[in-house]
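Q: A structural model of the following input is requested.
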Amino acid sequence: MQVGVLALQGDWLAHGVMLTPLGVEVLPVRTAAALERADALVVPGGESTAMLRLMEPERLDDLIAERIRTGMPVLGICAGLILLASHVEPDQPSLGLLDVDVVRNAYGRQIHSTIVPIEVDDELGEPGSMEAVFIRAPRITRQGSDVKTLGRSGEEAVLVRQGRVVGATFHPELTSDGRVHRMFCELAEGGDG
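A: Numbering: from 1, shown residues only. I've put the predicted structure just below:
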């Protein structure tokens with residue numbers, strides 16, 4: 001299986017470090033041709049409006065949206081989650097493929113970055129918690145009825161899944177816990193989820 005990682009901006013290489021031990025081929029995605037070869041896609045953290053601008057020359061936003069609508073699994077991390085969300089505050093364009101509303105930078109500026117334990121669903125296996133790195137993280141303020149919460153920080157959903165679309169407000173690639181990436185690869189290999 002080839003897992004594409006959108007390699008326009010952000011720390012996309014860190015996702016390759018997490019994915020390679022899982023036995024998948026990691027494919028940097030910068031062009032429509034590379035996206036076409038990918039079986040699944042990780043949209044990393046970074047800056048969502050910058051990513052949208054960088055997607056324009058190859059129309060990657062439209063192509064990614066079409067691939068996801070036709071069943072390609074996607075994992076959106078932080079800015080990637082913002083790009084997948086139905087609605088974003090402050091208002092900005094998004095792909096609207098995950099039935100959640102998010103608020104950008106809801107936890108504060110870069111200096112407010114933090115590492116906290118979160119509770120995780122059985123879908124991620126044991127133990128029932130993991131460390132989560134939050135960097136200028138979005139907050140999920142609404143989720144549709146078919147969006148499952150896979151991780152919580154207190155009462156707040158921080159890891160969600162709707163079918164084959166997964167979104168995280170934190171950065172799982174910045175810890176040694178590979179369960180989010182493993183769960184995503186299993187979802188990509190196994191069907192609908």
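
Q: where are the low-confidence patches of this structure?
A: Low-confidence regions of the chain, defined here as pLDDT under 70, cover residues 108-112, 191-193.

Q: ok, which stretches of it are helices?
A: 12-19, 32-37, 48-55, 60-69, 79-84, 179-190 (DSSP state H).

Q: Let's have those in CSV, adding distance to Y107 and mean neighbour count.
A: No exception for glycine: its C-beta is placed from N, CA and C like everyone else's. Converted to CSV, the helices of the chain look like this (distance: least, Cβ to Cβ, whole Å; neighbours: other Cβ atoms under 10 Å):
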stretch, distance to Y107, mean neighbour count
helix 12-19, 20, 20
helix 32-37, 31, 14
helix 48-55, 15, 18
helix 60-69, 26, 18
helix 79-84, 13, 29
helix 179-190, 19, 19
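
Q: Contacts only, for the residue nearest the centre of the chain.
A: Relative to the mean C-alpha position of the chain, the nearest C-alpha, by Cα atoms, centre = their mean, is the one of G76, at 1.5 Å. Contacts for G76 (Cβ atoms under 8 Å, 6 or more residues apart in numbering) come out as V43, I82, L83, L84, L98, V165, V166, G167, A168.

Q: cool, and E189?
A: Residues touching E189, when contacts are defined by Cβ under 8 Å, 6+ apart, comprise M1.

Q: Tell me how far H171 lies from G45.
A: Taking Cβ to Cβ, to the nearest Å as the measure, H171 falls 6 Å from G45.

Q: Comparing the two, which residue is more hemmed in?
A: Counted by other Cβ atoms under 10 Å, H171 and G45 do not tie: G45 has more neighbours, with 30 against 23.

Q: Do I have it right that that one meets I82?
A: No. Taking contacts as Cβ atoms under 8 Å, G45 lies outside contact range of I82: 9.4 Å.
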